[in-house]
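> coords please:
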Amino acid sequence: MSTIRDPAYITDAGRTMMTAGGDVTYTKAVLYGQDISHLTSDQVKALTTIGSPLREVKVGISDKQNTDRGTTVILEATFQNDNLANDLPYTAVGFFAQKGNDEKLIAVAVANTGAYLTATSPDGVATDALDLKLAIAIGDATNVTATVDPAGSVTPATLNGAINKATHDLTAQIDTKADKTTVEQELAIKANSTDVDKKLTTKANSSDVYTKKQIDDAFSSRDATIATKADKATVDAEISKIDFTPYAKTADVNKEIKTVTDLANTKVDATYSYSKAELDKKLLALSTDTSGKVDANQVVTMIEGKADKTDLDNEIKAVTDLANTKANTVDVDSKIKTVTDLANTKANSSDVYTKTETDNQINKFDLSKVKFRKQFLNGDGDKVDKTWSATKNDDGTYTIDLFNDDWTASKLFDVISQLPDKADKSNTYTKTDVDNKVNEAKSSAQSIANQIWGEVNSLKGKQTKDSADANALSETGVYYCSSPAKNFPVGQWGTLVTSNGNGARASQLYFPDDNSAVWFRTLNGNWQGWARLANIGDVNNAESSLTSLINAVNNKVNVTVPLFRRITAGNTWNDILGASNGDTPVLVSIRDEGGANTLGNYSAAVAFGGGDTKGVLNVAYSDHTARIIGGNGNAPVWHEDIAWKSDTSNLQNIINQQNQTIQSLTTRLTNAENEIRYIKANYVEGRTFPASQEAQANSWENENPQRIAFIER
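Here you go, the predicted structure:
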């Protein structure tokens, strides 16, 4: 069965949750059928949901380790196929965690193509399982702790192991009881009735002791109950196949075993019933003579030592009560089948090394002499070279520790994290370009302001106006305006500068006293609307807005090639796209002067696609020819011209013409067949015979009325 890809991805939400501090509860794992195999790693990490869940289980934590490098948590989840009527395909597995009341998707594992859980057997008992372990390294966030959801603290594999052990213990107790066949064989030994009668005259009344039938019935009832129990050899054989390597925490398994043990301790102990050895001792004390008869004296002696009927009733009741506490064979068989199916998925012990064998193989090698040399970046970003030696750990493993020296990954991570925020060079201004344009705008604004103030300072006839109408202040001059009444751009007090040319043409500038923007308008027969002049603050704001807009455009236009290109060849994707094919998005309009896979001849085309799969729609200008091109790798894999309605109509006309020709030929063939039939039915067959064969000629002619025989004379 197909498995899960490695590695899995920590989502952005999961990274934020696990590095923010506080308690995190790992809650569940979910199988999904939504295909996400085409997504990039960044797109997978950005997921918050995957679609409709197919199957959901609780998550357990099988291990948690804290080191000076951070915390590693091992999550475990088992998806079993119990009550699964049909095979269940899946494409992804999501792991969820919760902080407070906020549950989020924290990790995503993508399945290989064709992954599925097989359908279960008709009885609905699980026969297959997807066992997943996910190791999450939380880096240096030592303040992050993990709290297991109590409902998911014991995995199905661990719980089944506890149940199997309990089954084994109970079966062992059942094995202390006498076998039914053995009891029946021993009870089949009968005493001679004559010898017994001679001795019984001096013995107790039959009402004071059990008859053989009463004993047989009592033991038969007990034997029938015991016969429903599982055979020890069968259970032992099945259990021996199981890999009991625990997955859950030992404390959790001990808790389950203690629960079963406490229950077993409440049941009847073996001391309350006869074992097989005890029955042998009691029953085999009888001896027979050479004729197979039992000695009457022995029978009398045995009868004298028998228990009272009331005591025997109590003993039989104790045996029956104990048998009633034993598991039914159907239940045990079901558990054995589950264990067997699970055991069949495990490797045979002969095919794998034991822990001791593995340790012995490893201990043969002294890895402390291993040297490792690498060129890397140190914490200051300098390129350096160093050689390390392997160090043996207490557990027998070896470590080559580069952690405190090699900062290459950290430096590379910083660089990569900045790339999504960078715009394409062809679509952005450089800092120098922006600075130049801003300086040009500042210089132009300052030049205009100097010119205006020069003109203002040269004006004569400065006046003060209160509650004035700006339209009435059309004569050249400088007007200090308070409480502007009409036709001013703003209600703020300020200075109005009017420049009048010939009475019909004039211009006005208004400078508000609050140092806000300057306003401007002209007179050309009628006063035009006021226009606001930009100041240095406006220019700076425009610069910031321009930068934001450029970034927004760069974020939306996420293609890696220009939006238009002219091509002169169409053999490879590099010819068509202007870049080698890869996991890159493209959308480009094309003037096609190439050929090969494309139409060429100055046709138009649009190339598009993502990942490593690309497509092209190619249209000619000269006629109604259009072509679709597709594929991956280094060049298009296929191309096909599109059939239009006119092509279909022309083909239909040809088909109609062919049909008419076929119909004409069919008619001619039918006529020819009719003529042949007529000829065959009406033709006269003639044959010449010599005079010496006249009798033969008459015989031949008489065979068919359409024959004529000619006789030569």
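
> how does this structure divide up, domain by domain?
Domains of the chain are assigned by automatic domain parsing as 9-153, 176-344, 369-419, 431-540, 564-642.

> where among these is the average confidence lowest?
Ranked on mean pLDDT, the bottom entry among these is domain 176-344, at a mean of 57.

> What lies in contact with stretch 596-608?
567, 569-571, 576-577, 586-595, 614-622, 625, 627, 629, 635-636, 639 (Cβ atoms under 8 Å, 6 or more residues apart in numbering). Yep, even glycine has a C-beta here, placed from its N, CA and C like the rest.

> Going through those, which ones are buried?
Listed as buried from the contacts of stretch 596-608 are 567, 569-570, 576-577, 586, 588, 590, 592, 594-595, 614, 616, 618, 620, 627, 629, 635-636, 639; burial here means 16 or more other Cβ atoms under 10 Å.

> Enumerate every residue touching the nearest residue to residue 485 once chain neighbours are set aside.
In space, residue 485 comes closest to residue 467 once its chain neighbours are excluded; the distance is 4.4 Å by Cβ to Cβ, 6 or more residues apart in numbering. Contact partners of residue 467, counting by Cβ under 8 Å, 6+ apart, are 482-485.

> can you list those in CSV and add distance to residue 377 and neighbour count?
Output for the contacts of residue 467, formatted as CSV (distance: Cβ to Cβ, whole Å; neighbours: other Cβ atoms under 10 Å):
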residue, distance to residue 377, neighbour count
482, 69, 12
483, 70, 11
484, 66, 22
485, 72, 14
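
> so of these, which ones are in strands?
residue 482 (DSSP state E).

> Pick out whichever of the contacts of residue 467 sits closest to residue 674.
Minimum distance to residue 674 across the contacts of residue 467 is 112.8 Å, recorded for residue 484 (Cβ to Cβ).

> where's the nearest residue to the closest one once chain neighbours are set aside relative to residue 470, distance?
Leaving aside its sequence neighbours, residue 484 sits nearest to residue 491 (Cβ to Cβ, 6+ apart; 6.1 Å). For residue 491, the distance to residue 470 equals 12 Å [Cβ to Cβ, to the nearest Å].

> quick one: which of these two has more around it?
residue 470 (23 against 10; other Cβ atoms under 10 Å).

> Hmm, residue 509 and that one touching each other?
No. Residue 470 lies out of contact with residue 509 (Cβ atoms under 8 Å); the separation is 11.1 Å.

> what's the overlap in contacts for those two?
residue 496.

> Around the closest residue to residue 434 other than its chain neighbours, how many other residues sit close by?
Leaving aside its sequence neighbours, residue 434 sits nearest to residue 543 (Cβ to Cβ, 6+ apart; 6.6 Å). For residue 543, the neighbour count with other Cβ under 10 Å is 15.

> that older thread, out of the buried ones among the contacts of stretch 596-608, which sit inside helices?
Of the positions in those, 576-577 sit in helices, assigned by DSSP state H.

> measure residue 680 to residue 575 for me?
In terms of Cβ to Cβ, residue 680 sits 71 Å off from residue 575.

> Dump the contacts of residue 467 into TSV; add distance to residue 474 as well.
What follows is the contacts of residue 467, written out as TSV (distance: Cβ to Cβ, whole Å):
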residue	distance to residue 474
482	19
483	20
484	15
485	15
